[in-house]
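Visitor: Please find the sequence and the predicted model below.
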Amino acid sequence: MKRKNRLLRLLSVCRVSSREQSEGYSLGAHDQANREWAERKGYEIVETVRYVETASKQKERQRFRQIVNRICSDPIIDGVVFHKVDRACRNLTDLAMLERLETQKDKKVFFASQEFPQNAAGRLGIGVMGVVARWYTDNLKEEINKGFRSKIEAGEYPHTPPYGYCMGQGSNGSKLPVPDAPKAEAVRTIFKLMSSGKHTIDTLRDELFQRNMYFSLRTQRWTRSHLAKLLRHPFYIGKILWHGQIYEGKHEALVDEQTWERVQQVLDGRNRCSHYKRMHFTYGHGLIKCAHCGYNITAELHKQRYTYYRCAQINHYEHPVRPSWVPESVIESQVTDMLDRLILPNEIYDWALAYLKTILEKDVDDAEQELRNLKKRATDAQATLDTLLLKAAQTKDNLAEEFLRLARQKQRELALLQQRRTQIAAGRQENNSDAAKILELAQRLSQQYVVFSPTQKRQVVDSVFLNLRLDTVNLCGEYRLPFSILVESHSRPLKSGRQDLNLRPLAPHASALAKLRHAP
């Protein structure tokens with residue numbers, strides 16, 4: 001049955017932003033308003049979806065995207081009805097998803113408390129309301145941050161206090177963090193033990209566990225992240241860290257500044273240990289991808305000597321093929337073989353250099369000729385400009401205005417000529433033999449590659465190759481321009497023929513070198 005011959009079947013979607021709102025009457029009131037509107041219009045509500053989710057942060061809108069996907073895939077549902085535009089979304093990305101429901105999926109989108117016509121004007125109205133909703137959210141965020149800043153500058157803390165404190169009341173009756181006796185004592189013990197310099201984060205965890213000083217009843221052993229964050233937090237010396245700035249707080253300090261500074265020195269000294277050195281692998285860090293799953297090829301050091309490469313998803317149960325551990329020597333050998341393909345035979349290489357030299361000499365001659373022509377045109381334009389200005393000074397009224405108008409036109413023409421001369425002169429002064437340098441580099445690159453440092457090898461691989469992939473143990477990929485042109489030219493046989501005195505280029509290689517000269 002076609003849609004026009006039956007009632008529209010709609011999904012009623014009701015959303016609130018917080019759990020506190022869901023415990024009230026908002027969701028029920030929205031659903032009732034949606035159903036009353038559908039009854040007046042003669043539509044049918046097939047189901048009601050109620051959920052709690054923010055509408056301003058697009059990354060957190062998982063439930064919204066699930067609802068949209070369901071509407072797209074369910075043939076029974078003809079559309080959706082929301083209470084208002086801001087109940088549907090408060091960011092432009094989600095608003096675009098609703099628009100695609102109508103334009104691409106032929107689903108209807110209605111708002112019970114806001115009537116919009118089903119035409120271009122209606123879509124414009126929805127767009128305006130969506131932008132207003134976005135502005136409301138951004139403005140509210142700014143006002144809240146202003147309030148937070150005012151409180152923090154006054155020494156108050158508007159958030160949940162860190163471990164060791166609980167919210168209490170200050171002397172003036174305002175909310176203020178106060179020490180939570182058992183936890184506060186644990187914080188003092190943690191700083192005292194760490195300031196001695198005898199503990200690391202791991203040994204400190206064990207010490208606290210042996211002393212029966214638990215993080216909580218459910219989580220008895222402290223985590224490394226909790227301890228590291230606690231030991232770095234300036235809140236325990238009476239200061240507030242907010243958006244990278246330190247403010248003086250009104251709350252009671254649990255640790256004196258000398259102890260806190262000593263702990264920071266201990267932690268900083270550990271982080272600067274001379275024996276710690278981050279490994280930089282030649283072909284790791286995202287340079288090569290897995291040919292089967294697309295994830296990065298990562299590296300590991302075995303026995304402190306041998307580097308092996310494997311897919312980062314080697315332990316994933318859904319990986320299409322069981323990845324292999326590939327020694328670095330195997331990958332380097334394959335890279336060298338791929339660089340060998342850039343080497344041209346001596347006959348082609350000598351011919352190409354001679355051809356490029358001839359072309360470059362011709363380019364220089366053409367540039368010199370164009371400079372002479374531009375200089376002559378500029379001289380003539382300057383003479384004409386001087387004549388027009390002299391006539392404008394000797395005449396009056398309308399005729400003088402006409403001379404001045406022509407002089408301005410000639411002045412603009414003279415400026416363009418001068419700009420063109422500057423560009424050609426700059427290009428002539430630059431070394432105009434990039435193509436020849438590429439040829440010379442490609443001839444000896446594979447031999448020099450083996451003695452390069454790891455950093456230099458990464459730069460070469462990243463500059464020459466594109467989309468490198470590791471298929472089990474085989475390395476594959478494409479060549480970047482202009483190196484792909486060299487590989488293409490290398491694959492063509494050089495036909496024998498007479499050698500003209502003017503070094504007339506042979507057709508297959510002449511076209512390739514023309515590309516090489518103009519390649520980025």
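Guide: Thanks, I have it. Numbering: from 1, shown residues only.
Visitor: Just the strands from the stretch 151-300 of the chain, written as ranges.
Guide: 165-169, 175-179, 239-242, 245-248, 289-290, 297-302 (DSSP state E, counting those that start in this stretch).
Visitor: Kindly report the same for the chain.
Guide: 9-16, 44-52, 79-82, 108-111, 165-169, 175-179, 239-242, 245-248, 289-290, 297-302, 306-311, 326-327, 465-471, 474-479 (DSSP state E).
Visitor: ranking the strands of the stretch 151-300 of the chain by burial, who's on top?
Guide: Mean neighbour count (mean count of other CB atoms under 10 Å) peaks for strand 289-290 among the strands of the stretch 151-300 of the chain, with a mean of 20. C-beta coordinates here come from the backbone N, C-alpha and C atoms, glycine included.
Visitor: Longest helix in this structure, please.
Guide: helix 346-394 (DSSP state H).
Visitor: Could you give the separation of it from the chain centroid?
Guide: Centroid separation for helix 346-394 versus its chain: 44 Å, with CA atoms, centre = their mean, to the nearest Å.
Visitor: cool, stretch 291-301 as well?
Guide: 21 Å.
Visitor: ok so, going back, which one of the strands of the chain lies closest to residue 132?
Guide: With respect to residue 132, and counting by CB to CB, the nearest of those is strand 108-111 at 13.3 Å.
Visitor: How about residues contacting stretch 248-257?
Guide: 154-157, 161, 164-165, 170, 176-179, 184, 187-188, 191, 235-240 (CB atoms under 8 Å, 6 or more residues apart in numbering).
Visitor: let's see 6 Å
Guide: Among residues not part of stretch 248-257, those counted as contacts by CB atoms under 6 Å, 6 or more residues apart in numbering are 155, 164, 176-177, 179, 184, 187-188, 191, 236-240.
Visitor: low-confidence ranges in the chain?
Guide: For the chain, the stretches flagged by pLDDT under 70 are 1-6, 55-60, 170-173, 270-280, 317, 426-435, 489-520.
Visitor: Enumerate every residue touching the residue lying closest to residue 336 once chain neighbours are set aside.
Guide: Distance criterion CB to CB, 6 or more residues apart in numbering; nearest residue to residue 336, sequence neighbours excluded, is residue 446 at 5.4 Å. Taking CB under 6 Å, 6+ apart, we find residue 446 in contact with 336, 339-340.
Visitor: Mind putting the strands of the stretch 151-300 of the chain into TSV with distance to residue 392?
Guide: Listed next are those as TSV, based on distance: least, CB to CB, whole Å:
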stretch	distance to residue 392
strand 165-169	81
strand 175-179	78
strand 239-242	66
strand 245-248	62
strand 289-290	68
strand 297-302	73
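Visitor: how does the protein divide into domains?
Guide: As assigned by automatic domain parsing, the chain contains the domains 3-140, 165-271, 280-363+434-520, 364-433.
Visitor: what's the neighbour count on residue 311?
Guide: The number of residues packed near residue 311 is 27, by other CB atoms under 10 Å.
Visitor: Please check which residues sit opposite it as beta-bridge partners.
Guide: Taking DSSP bridges as the rule, residue 311 bridges to residue 297.
Visitor: Contacts only, for residue 391.
Guide: Here residue 391 is in contact with residue 403 (criterion: CB under 6 Å, 6+ apart).
Visitor: Distance of it relative to residue 412?
Guide: Distance, residue 391 to residue 412, by CB to CB, to the nearest Å: 18 Å.
Visitor: Chain neighbours aside, what residue packs nearest to residue 33?
Guide: Closest to residue 33 by CB to CB, 6+ apart is residue 112, at 5.1 Å.
Visitor: Tell me how far the one you found lies from residue 222.
Guide: For residue 112, the distance to residue 222 (CB to CB) stands at 52 Å.
Visitor: try residue 290
Guide: On the measure of CB to CB, residue 290 and residue 222 end up 37 Å apart.
Visitor: With residue 44 instead?
Guide: 57 Å.
Visitor: Which one's more surrounded, these two?
Guide: Counted by other CB under 10 Å, residue 44 and residue 222 do not tie: residue 222 has more neighbours, with 23 against 14.
Visitor: Let me see the contact set for the more buried one.
Guide: Listed by CB under 6 Å, 6+ apart, the contact set of residue 222 reads 205, 208, 215.
Visitor: before we move on, back to that, would you turn the domains of the chain into a markdown table with distance to residue 147?
Guide: Shown next, in a markdown table, are the domains of the chain (distance: least, CB to CB, whole Å):
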| stretch | distance to residue 147 |
| --- | --- |
| domain 3-140 | 11 |
| domain 165-271 | 12 |
| domain 280-363+434-520 | 43 |
| domain 364-433 | 55 |
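Visitor: buried ones in stretch 449-461?
Guide: Under the neighbour-count criterion of 16 or more other CB atoms under 10 Å, stretch 449-461 has 449, 457-458, 460-461 buried.
Visitor: give me the number of residues near the residue nearest to residue 129 when sequence neighbours are not counted?
Guide: Among residues not flanking residue 129 along the chain, residue 85 sits closest, at 4.1 Å (CB to CB, 6+ apart). If you count neighbours by other CB under 10 Å, residue 85 ends up with 25.
Visitor: Could you check how far residue 85 is from residue 43?
Guide: The value you get for residue 85 to residue 43, if CB to CB is used, is 19 Å.
Visitor: Then residue 287?
Guide: Using CB to CB, residue 287 is found at 57 Å from residue 43.
Visitor: Residue 282 contacts residue 455, doesn't it?
Guide: No: contact criterion CB atoms under 6 Å: residue 282 and residue 455 do not qualify, at 8.4 Å.
Visitor: Can you report how many residues neighbour residue 475?
Guide: By the measure other CB under 10 Å, the count of residues near residue 475 is 23.
Visitor: what is it paired to in the beta sheet?
Guide: residue 470.
Visitor: okay, now the nearest residue to residue 52 once chain neighbours are set aside: neighbour count?
Guide: Spatial nearest neighbour of residue 52, excluding adjacent residues (CB to CB, 6+ apart): residue 22 at 4.9 Å. Neighbours of residue 22 under the rule other CB under 10 Å: 15.
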